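> okay, sequence plus prediction incoming.
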Amino acid sequence: MESINLQIENKIIKSSRGEIFFIRDFIKYGSEVNIRKILSRLEKESVIERIAFGIYLKPKKDEVLGVIYPNLDEIAYKIAKRDKARIVPTGAYALFLLGLTTQIPLNTVYLTDGSQRIVKIGNRSIKFKRTVPKTFAIKDDLLQLVVQSLKEIGQKNCTEDFLLKLQKSVIKISDKTIETELKYAPMWVQKEIKKLYKLN
């Protein structure tokens, strides 16, 4: 038990502040029960913080702001990496990432080819929503965000003002990406993006 303690502590001490850990990161050192006990002790000693069930953080502190927590996007991609799953930001968060809204959503939604679930982070949440493999045929991150933003707004709510703002992102997408990946988006989305792209 002492050896497990030391190995886990050393791994955490050597890591950078702000790093996120999962139970699975320590599984080679011992049983899950023992690992949870050790992490619980380290949490009480303020070495780490538990930010969600099975998710721990080595706190990064600022003299004025106190503990600086990772944003939901960082946590979501860490979870996806752990699960070897692909994710795509969608909904209001896709709009925020493109600068189409200034409101940061408390709850973020990601499409995934991994497990469907909700991870609670304090008063916020990350929702992983299972989707069809075709969604990931669009590999370009910017095009994917543009597509998801249009789907979030809906065809009937695509105002001229919204499309004008969206065009700033559309014109940054390469010709090759438009030619090879846009075909995987819904037909009405393809038409809107092509119109904005040709206006460039």
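Yep, it's here. Residues are numbered from 1 along each chain as shown.
> C-alpha only now, for contacts and for neighbours.
Will do.
> measure the residue lying closest to Gln155 once chain neighbours are set aside to Gln167 for me?
Among residues not flanking Gln155 along the chain, Trp188 sits closest, at 7.3 Å (Cα to Cα, 6 or more residues apart in numbering). According to Cα to Cα, to the nearest Å, Trp188 and Gln167 sit 16 Å apart.
> hang on, isn't Val47 packed against Tyr56?
No: Val47 is beyond contact range of Tyr56, at 10.2 Å (criterion: Cα atoms under 8 Å).
> between these two, which one's more packed in?
Tyr56 (20 against 15; other Cα atoms under 10 Å).
> okay, now the sheet partners of whatever helix or strand that one lives in, with direction.
In this structure, Tyr56 is located in strand 55-57 according to DSSP states H and E. Looking at strand 55-57 with DSSP bridges, its partner strands are strand 20-22 (antiparallel), strand 49-52 (antiparallel).
> after that strand comes which helix or strand?
By DSSP H and E, the next helix or strand past strand 55-57 is strand 60-62.
> chain center to the helix or strand just after that following strand, what's the gap?
Later in the chain than strand 60-62, the nearest helix or strand by DSSP H and E is strand 66-68. Relative to the chain's own centre, strand 66-68 is displaced by 21 Å; criterion: Cα atoms, centre = their mean, to the nearest Å.
> what packs against strand 66-68?
Strand 66-68 makes packing contacts with strand 60-62 when contacts are defined by 3 or more Cα pairs under 8 Å, 6 or more residues apart in numbering; DSSP states H and E.
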